[in-house]
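Chemist: Output the structure for:
(one chain, ligands or ions: 2)
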Amino acid sequence: MGEQEMPTGGRGKRRLGVMGGTFDPIHHGHLVAASEVAALFHLDEVVFVPTGQPWQKSDRAVSAAEDRYLMTVIATASNPQFSVSRIDIDRGGATYTIDTLRDLSSLNSDSDLFFITGADALSQILTWRDAEELFSLAHFIGVTRPGHDLTDDGLPKGGVSLVEVPALAISSTDCRARVAQGDPVWYLVPDGVVRYIDKRQLYRGE
Ligand SMILES: Nc1ncnc2c1ncn2[C@@H]1O[C@H](COP(=O)(O)OP(=O)(O)OP(=O)(O)O)[C@@H](O)[C@H]1O
Ligand SMILES: O=C(O)c1ccc[n+]([C@@H]2O[C@H](COP(=O)([O-])O)[C@@H](O)[C@H]2O)c1
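Modeler: Numbers count the residues shown, from 1 in each chain. Ligands and ions are numbered 1, 2, ... in the order given. Just a heads-up that it's a prediction; the model follows:
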């Protein structure tokens, strides 16, 4: 994407990236996406927001929110630009991005919000609660993901930017399956997350 196409946001405002996800577990695909977008869009910070109850994943068991939150903290702790928010976990109930963005914008009135999402999630956005209002609260940035087409078809003009990031064919589903089978997840997730999965015996019985 050319520099001239980048949304500049409000004059003098901080630029806050928002990376929402279930992070069960967080992996290097998430981290590379956030890091690339932070650099390309000159973001001051990226806040990772683990879901409370991801209603579109109700067909499977999701790990405890505290485990997903702690893995996200471990994975992001060494990057001074990254932080983690508990807002979706502490709100309780099903997680809707409309609530995430409303809460973050009132907590950060000095900031423009940039919501980062992979190609798969972007293609589902019109199924999200209050989809049309989402684009008034944040600029959306869709990133490439192996196996998924990146498109802004049907989304508001000017509301979404599409960005190519280094291709990492990693998914949380695959990480969980690997742990369940006794296969390694070293180098797919940060070292501290491998240790945490082991310590808490996550994904063993799946
Ligand atoms: N490898 C990847 N490359 C780019 N974006 C990714 C990648 N993995 C996940 N994302 C994006 O990160 C966000 C959070 O994803 P999520 O926590 O659901 O991970 P996931 O790997 O898709 O999980 P699962 O396999 O359990 O569905 C989503 O917007 C998703 O599209
Ligand atoms: O708002 C919604 O209705 C909605 C439905 C599905 C997913 N989302 C958000 O999309 C992000 C990625 O979700 P997931 O389930 O792929 O980890 C995360 O921030 C979710 O809260 C949001």
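
Chemist: so residue 99 sits right up against residue 93, yeah?
Modeler: No: with contact defined as CB atoms under 8 Å, residue 99 and residue 93 do not form a contacting pair (9.1 Å). In this view, the C-beta of every residue, glycine as well, is placed from N, C-alpha and C.

Chemist: Could you check which of these two has the larger neighbour count?
Modeler: residue 99 (17 against 10; other CB atoms under 10 Å).

Chemist: which stretch of helix or strand covers the more buried one?
Modeler: According to DSSP states H and E, residue 99 maps onto helix 97-107.

Chemist: Check which helices and strands that helix sits against.
Modeler: With contacts defined as 3 or more CB pairs under 8 Å, 6 or more residues apart in numbering; DSSP states H and E, helix 97-107 has these neighbours: strand 14-21, strand 45-50, helix 87-91, strand 111-118, helix 131-137.

Chemist: Could you tell me which residues within the last one count as buried?
Modeler: Spelled out, it's helix 131-137. Going by neighbour count (16 or more other CB atoms under 10 Å), the buried part of helix 131-137 is 131, 134, 135, 137.

Chemist: residues contacting the closest residue to the first one other than its chain neighbours?
Modeler: If the residues on either side of it in the chain are set aside, residue 131 comes closest to residue 125, at 5.9 Å by CB to CB, 6 or more residues apart in numbering. Residues in contact with residue 125, defined by CB atoms under 8 Å, 6 or more residues apart in numbering, are 117, 131, 134, 140, 155.

Chemist: Could you tell me the model confidence score at residue 61?
Modeler: Looking at residue 61, its pLDDT reads 92.

Chemist: Am I right that it sits in a helix?
Modeler: No: read with DSSP: H, G, I helix; E, B strand; the rest coil, residue 61 is coil and lies in no helix.

Chemist: tell me the contacts of the nearest residue to it once chain neighbours are set aside?
Modeler: Nearest non-adjacent residue to residue 61, counting by CB to CB, 6+ apart: residue 206, 7.9 Å away. Neighbour list for residue 206: 61, 176, 177, 179, 180 [criterion: CB under 8 Å, 6+ apart].

Chemist: how many other residues sit next to residue 124?
Modeler: 11.

Chemist: and the nearest residue to it once chain neighbours are set aside, how many neighbours?
Modeler: Spatial nearest neighbour of residue 124, chain neighbours left out: residue 56 (7.3 Å); criterion: CB to CB, 6+ apart. With neighbours defined by other CB under 10 Å, the count for residue 56 comes to 13.

Chemist: contacting residues for the residue of the chain found nearest ligand 2?
Modeler: Relative to ligand 2, the nearest point of the chain is residue 20 (2.0 Å; CB to the nearest ligand atom). By CB under 8 Å, 6+ apart, residue 20 lies in contact with 48, 49, 51, 88, 97, 100, 115, 117.
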